Every structure is written in C-alpha cells, then in structure tokens.
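starting from these lines, generate the structure:
(chains A and B)
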Amino acid sequence: MLELIVISTLNGILFGMLLFLMASGLTVIFSMLGVLNFAHASFYMLGAFFGFQISRWVGFWPALLVAPILAGAIGAAVERYGLRRVHRNGHVAELLFTFGLAFVIEEIVQIIWGKSPVDFRVPPSLDFPAFTIFSTNYPAYKMFMLLVSIAIFVGLLIVLKKSRIGLIVQAALTHPQMVGHLGHNVGRIFMLVFGVGTALAAVAGVIAGPALVTQSNMAALLGPILFVVVVVGGLGSLLGAFVGSLLIGLVQTFAVSMNGSLASAFGPLSSAYASTWLGDIWGVTIAQIAPIMPYVLLVLILTFRPMGLLGTRET
Amino acid sequence: MTVTSLSAAPPLPTAAEKLKFYGLWVATAIALLALPHVFGSGASLTMFSLIGISIIFSLSYNILLGQTGMLSFGHAVYYGLGGFMVVHAINIIGANKLPIPLPLIPLIGGLTGLFFGALLGWVSTQRSGTAFAMISLGVAELIASSALILRSFFGGEAGISANRTKLLRVFGWSFGPQIQIYYLVAAWTLIAIIAMYALTRTPLGRMCNAVRDNPERVQFVGYNPHVVRYLAFCFSGFFAGIAGALAAINFEIANSAYLGAAQSGTVLFAAYIGGIGFFIGPIVGAILVTILSLGLSDLTQVWQLYFGLIFIAVVLFAPGGITGLLMMHRPLAKGGTLLTVLPSYLIALVPTAAMIAGLILALETIVHYTVNPGDDSHIKAFSVAFDAASPYIWATSVILIVSGYLAARKTWSWVAHAWDRASSEAREKGFAA
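Numbers count the residues shown, from 1 in each chain, chains lettered A, B, ... in the order given. Okay, the predicted model is just below:
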C-alpha cells in the first residue's frame, strides 16, 4: 500500500509538472493576448515528433535543444502572421483560428509520420533504474523528466519575477497600452511570449515523447486535459495553473492505480440487474474511469466555484 | 442610433412583403419535393438526406454561436445522445409493437437533446466567452468517454443498431427505401428551419442577440444573461437532438463517433464557413461542407488537410463566412455600383487561382513522398495526372506559388481601391454598407 502511494505520488507529480510546462505557457499567452491557444497541445506534439526525428539524426541531447527552438519559431510565426491578423475580428475568431491550426497540424503530422506510434526511445545514457523503492525500480529517465520540468519551472519563476523582460511581460499582462506608451514594442513582446510558450510545450513534448506514446493523436488526447487544468486552476492565474496541474496529475495517477469498484465494495449485483446499464456502473473500476476524472472535477469546480480555484476573472 | 429604432414597433409588413416571405417557404417546400425527381439516383438521395441532417445540426449550432455568441466545442453531445436514444426507442417500440410511427420518432431525439441540454446547460452557460468554450469541451469529453464505459447503453466501440422498418406503418410507407427516408428528412428539415427561424423573431431570440452583443446592458434592462444563455442552450440541444435522431434513422446505427470531437468540429466548420452572421449562413455551410466531405475524399488522399486549410482561410480572410462575403455586396448591388468592382475581381482571381494551384501541386507531391514513397510517381490528384518525380512539376509549383503570391498581393490592393470607390458611391446614393 505504502509502495503504491509513494510511486503514485512520484508519478503524479511528474505528470503534473509536465502538464504545468504546458499550462504555464498557455496561461501566460491567455493573460497577455486574451486568446486561449487551442493548438497548444499541438505544439507539444510537434515537440515530440521533432525530438524523435532529430534524435534519430543527431541524438537525443541536441534534439532536446533544437526541437523546442524549432517549435517555438513556428509558434512565433503563427502569432506574427496569423493571430495578429485575426485579432481584429475578436476573440472568437482567434480561438477558431487556433482550433483550425490544431486540426491542420494533426493532419500534417499524420501525413509525415503516419498514424501509428513512432519508435521514440529513452536515450541509452538514461536507460537505467535510478533507485529501488519497495522492490520497484524507478527509471532514471523519469527522474530526469522531473528535474528538467522543475528546473524550467524555477527558471521561469526567476525570469518572470526578477528580470527586466519578466517585469515588462508582467506589466503587459495588465496594462498593454501603458507598456506601449513607455516605448516598448508590445507586438514583439507578444510574439516572444507566444514563441516561448509554445517552445515550453515542445520541451514537454520532447521529454514526454520517449516515456509516453509519440503518436499523431497525442495532442487530441492531452489538449482537453490541459484546458481542464487552466479552467480548474482559474483562467489567467499562473499559480492556479500550477495547483491545477499537480491536482489533475495526482488525481489521474492515483485513479489509474486503484482497482476498486462498487461491485468489489458491496458485492455483485443480482443477476436480474447485472446485464442492464446498472451493471456497467456497478462493475466499472476506478482505474477505468480515470480518463474521465479530470472532466468530473471540471464540472464540480464549475458548479461550486465558477471562476476556478485561484481565478479572479469572471470572463 | 437610427430613427427607426426609436419607434416602438416596426411597421406591419405590407401584403407584397408577406407574399414574398411566405412564397419563399412554399418555394423551398416545392423544391424539396421536386429534388428527387431531378436527381433520383441512390447516391444523390443519400447525399440530400445527409445535407438535410447537417442543415438542422448546423442551424441548431448557430443558435449558440451566431445568435447568442457562445462558441461550443461539444455540440455533438446532444446530437449523439438524441441518436442513441432514438435507436433504443426504435428497438423498444418495435419489440412491443407500440402504435408510434417512424415520422414521430425524431421528436424523441429532440426531447432527449432538450433534456440533456437542460441538465448540462445550467453549469455550462454560467460563463460565456472562452470559459464557455472550454467547459463545453470538457463536458463533451466527459460524455464521450463515459459512452465507452457504459457499454450496455452505448454499445461500446461497435455502437448499437436498429431496424427502422419494423414500426407502425402509415399510408403503407415502410421507410425501407432511401427515397422515403429522404422525404422524412426533408419534411423535418423544413419544419426545423421554420421553427428555428421563428425562434429568432421571438423576444427570446432578440434577447439572445442582446446577450451576445452586450451582456452588461442586458442586465441593466432587467434580464439575467445566464438564463437567456441557458434557454438558448436548451433550444439548441433540442434541434441538435432532432438532427441526431434523423442521422440514427438514416444509418440505422448509433456509435460513439456521433458524440465525438470530430462531429463537434464538423458542425463548427460548417456553421462558420457558411457564415454565422446570417440565418441562411449555416444552411449554405452545411450544404457545402457535406458535399466537400463526400466529394473531396474521392479527389485527393489528404482531403481533411484541405478542409482544415479552407477553414483557416475563411477565419483569416472572410470572418463573415461565405454568406458574409456575399452580403457585403448587397449595398453595392442596390447602389448600382457592383459592376465597377467585378473586373478587378476577375483580375485578382487569376493570380490567386495560380497560387492555390501551385500550393496544391506542392502539397500533393510532398504527400506522395511522405505517405507512399514506394509507389509509382505518376500520381493523380483532383483528377489531374502528373509525375511527382519530375523536376518540372517542382519548378512549376514554386513558380506558381511565388509569382502568384506577388501578383495576388498587387491585384487584391486594386480590388480594395475599386471596392472603396464603389462603396462610397453607393453610400452617396443612400445605401449604407
């Protein structure tokens, strides 16, 4: 039992930090540009596939650096030549533009790499058990993922709070006109933020690619969960996104590892009911409903606290 | 503020206007009746049925997006649940020999959509804008994932099927042949279009528009925007349920794809490409998107990519959709200056078409090398055969794209000039754009 709790906590925090790598970029982009980037998870997928392709050519470590830069450059170009143009037509048009983009990116990835999973392996230098805990070998690669995401989290925090560019970004969140009046190029800041945000998502993609499955549907699988994270945490709140990521990460990981069902708690149903839809509910295990847990959480949060856990905005 | 909006009510329509209005509906009904006599083949009847279903679904979607300003990413939930419930209803009615004929069955789907809209809508519509979009996505994922868990109701991945011919027969119609299904769909489409058009003319429909444009002022007038959004959501669910029911009757099966994100995305594409600003927009979009999705798949392997690119192009260049583009020209046509714009359109069309042809050529050759690199390089796309390995093809596509782009930029600025001149002339004559 203790083993389960420790391992699940580790995995949950790891998944949560991965989510936060993406949710942080999404939140900052949302706060600054007012647009929820529907294609954010697509950049995560692009990161994974770029990482896969580059690590095939020159190895994993260069890929870890080059793939996010490539994805970030694409992101910046999308902001510069797409979003900025659509901005005139309002937020719905912006959201729809990123929606169409997500659709097109998935199609392009399918065309280039096919629909089936690609063979993206953990680099040999990290392919060993880091430590053994209660007879379970914990892979070093997962520790590496955890370290990378924590390092980026800390780095992001320092940049946002301490550096000059971070201060401008923070100011542009609330008073974009004023920042413009002070002589800063708000357009370029927006482009930069969009590029960095998508690059962060791509980093998550590169490091998650070998551990999870690198497939053309990975964006569609993760995207909705990502939006749950930012809505549950509170739209536009970076701290909320952090709490939301860890919460969803832990909830999902724990749910997957649990096997209980109503049937195991209260005994099987009588045969008259067993074949009806009641039997389905009775027999389903917690592990089976793990995929819908985030959405249940979303509905609950919205019912009792519509602005999200740490959100302040009503929009 | 114009003078007319100050008067208490618009003037009553004259007899000629009434005749025009009702004449339009009668003409639509006659056209729907006559359609199978012109295009009687099985394939075209199936296509018409699909178009009818898509029209109802897109219009129901536009109650949310176009009329109330709520962007939903999960509208297929109500469509799918309506479809599932109808399949179960047909099975139950058929097994128990209940006296309910098939033409009434879509109502069951509509009521199912209404029920779930009422159930899930209250939470969903608490907030508008981006938050609503995300919530609709979350709710849709919740229902779609649950559908795979509740196997006995949703039938797992295979879905559940029904036999539509086993119900009570009226006038000897068995609803086995596609032509009878076509008439069923056509009748329901006409009823649904009229009902949804009537809805836009009610006070509720007007309040929906007000909530879309300025929820704060709606509160000042004494309405609760949340309640207005909720009511719109319920109506939208009702009509989506009817569409889902007709789809289930048409295919005699309901599976989890009905509820899925792809279905929600398709209806969004259809409504937006058609134009959400006008009532007729989603109808145009539904017709176009259904024909495109049936036709493009024969012409090219990567039709979904083109589909997405068309959508992005509409969002970027024609935010009003196709009807929005056409309606822009109405003041010019009334002012009699439309003809001065048309030549510049024709000039701009040539380089634009060249650029698009170049892009398609490049895409198809790239697709050939990535999807099936081992195959023969003589490929065929959009029923044009060419050799993907030939350097001339590559050179042609590059030349077409670059020169087309440069020329298109120039010619579209001419269009803008001609447009400005024509619209200011029309404005002088009193037809404001």
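
show me the strands in the stretch 101-250 of chain A, by range?
Listed in chain order, the strands of the stretch 101-250 of chain A (DSSP state E, counting those that start in this stretch) span A:129-133, A:136-139.

how about A:Gly16: what's its closest non-neighbour residue?
A:Gly249 (2.6 Å; C-beta to C-beta, 6 or more residues apart in numbering or on different chains). C-beta: built from backbone N, CA, C; applies to glycine.

could I get the pLDDT score of residue 271?
Since you didn't name a chain, this refers to chain A. With respect to pLDDT, A:Ser271 has a value of 66.

try chain B instead
So B:Ala271 comes in at 92 (pLDDT).

likewise for B:Phe431?
At B:Phe431, pLDDT is 69.

got it, and A:Ile150?
87.

avg pLDDT for stretch B:128-144?
For stretch B:128-144, the mean per-residue pLDDT is 84.

near chain A at all, it?
Yes. Using C-beta under 8 Å from any C-beta of the partner chain, we find that stretch B:128-144 touches chain A at B:Ser128, B:Gly129, B:Thr130, B:Ala131, B:Ala133, B:Met134, B:Ile135, B:Leu137, B:Gly138, B:Val139, B:Glu141, B:Leu142.

put the alpha carbons of that stretch into CSV.
Output of stretch B:128-144 as CSV, limited to C-alpha atoms (Å, rounded to 0.1, in the frame of the first residue of the first chain):
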residue,chain,number,x,y,z
SER,B,128,-19.7,33.0,-21.7
GLY,B,129,-16.7,33.6,-24.0
THR,B,130,-13.6,31.5,-23.7
ALA,B,131,-14.6,29.8,-20.4
PHE,B,132,-17.8,28.6,-22.0
ALA,B,133,-15.8,27.1,-24.9
MET,B,134,-13.5,25.2,-22.6
ILE,B,135,-16.4,24.0,-20.4
SER,B,136,-18.3,22.7,-23.5
LEU,B,137,-15.1,20.9,-24.5
GLY,B,138,-14.8,19.3,-21.0
VAL,B,139,-18.4,18.3,-20.9
ALA,B,140,-18.1,16.8,-24.3
GLU,B,141,-15.1,14.8,-23.3
LEU,B,142,-16.8,13.6,-20.2
ILE,B,143,-19.8,12.3,-22.1
ALA,B,144,-17.8,10.8,-24.9
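
quick one: strands adjacent to the helix or strand bottoming out on mean pLDDT in chain B?
Ranked by mean pLDDT, DSSP states H and E, the helix or strand of chain B with the weakest confidence is strand B:378-381, at a mean of 71. The strands beside strand B:378-381 in its sheet (DSSP bridges) come out as strand B:384-387 (antiparallel).

put together TSV for the strands of the stretch 101-250 of chain A, with mean pLDDT on each row.
As requested, those are exported to TSV (pLDDT from 0 to 100):
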stretch	mean pLDDT
strand A:129-133	73
strand A:136-139	76
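
need the winner for burial among the ones you listed.
strand A:136-139 (a mean of 14; mean count of other C-beta atoms under 10 Å in any protein chain shown).

tell me the SS of A:Leu36?
Secondary structure for A:Leu36, judged by DSSP: H, G, I helix; E, B strand; the rest coil, is coil.

and the pLDDT for it?
With respect to pLDDT, A:Leu36 scores 84.

A:Asp119 is in contact with A:Ser55, correct?
No. If you go by C-beta atoms under 8 Å, A:Ser55 and A:Asp119 don't touch, sitting 10.8 Å apart.

quick one: residues contacting the residue nearest to A:Gly16.
A:Gly12, A:Ile13, A:Leu14, A:Phe15, A:Gly16, A:Met17, A:Leu18, A:Leu19 (C-beta atoms under 8 Å, 6 or more residues apart in numbering or on different chains).

now it: how far from B:Tyr78?
Using C-beta to C-beta, to the nearest Å, we find A:Gly249 at a distance of 31 Å from B:Tyr78.

against B:Phe39, how distant is the residue nearest to A:Gly16?
With distances taken as C-beta to C-beta, A:Gly249 is found 55 Å from B:Phe39.

cool, and A:Phe15?
54 Å.

so which of those two has more stuff around it?
The neighbour count for A:Phe15 versus B:Phe39, taken as other C-beta atoms under 10 Å in any protein chain shown, is higher for A:Phe15 (24 against 11).

got the phi and psi for the more buried one?
Dihedral pair for A:Phe15: phi -60, psi -40, per degrees, to the nearest 10.

looking at A:Ser55 and A:Asp119, which is more packed in?
Per other C-beta under 10 Å, whichever of A:Ser55 and A:Asp119 has more neighbours is A:Ser55, with 22 against 9.

from chain B, how far off is that one?
For A:Ser55, the distance to chain B equals 19 Å [C-beta to the nearest C-beta, to the nearest Å].

for that residue, what are its contacts?
Contacts of A:Ser55 by C-beta under 8 Å, 6+ apart are A:Pro62, A:Ala63, A:Phe120, A:Pro123.

buried ones among those?
For those, a burial check counting by 16 or more other C-beta atoms under 10 Å in any protein chain shown picks out A:Ala63, A:Phe120.

tell me the spacing between B:Gly113 and chain A.
Distance from B:Gly113 to chain A, by C-beta to the nearest C-beta: 19 Å.

same deal with B:Arg164?
Taking C-beta to the nearest C-beta, one finds B:Arg164 at 23 Å from chain A.

on that earlier part again, the residues of stretch B:128-144 next to chain A into a markdown table, with extra columns for neighbour count and secondary structure?
Formatted as a markdown table, those follow (neighbours: other C-beta atoms under 10 Å in any protein chain shown; DSSP: H, G, I helix; E, B strand; the rest coil):
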| residue | neighbour count | secondary structure |
| --- | --- | --- |
| B:Ser128 | 20 | coil |
| B:Gly129 | 19 | helix |
| B:Thr130 | 24 | helix |
| B:Ala131 | 23 | helix |
| B:Ala133 | 26 | helix |
| B:Met134 | 26 | helix |
| B:Ile135 | 28 | helix |
| B:Leu137 | 24 | helix |
| B:Gly138 | 27 | helix |
| B:Val139 | 23 | helix |
| B:Glu141 | 27 | helix |
| B:Leu142 | 24 | helix |
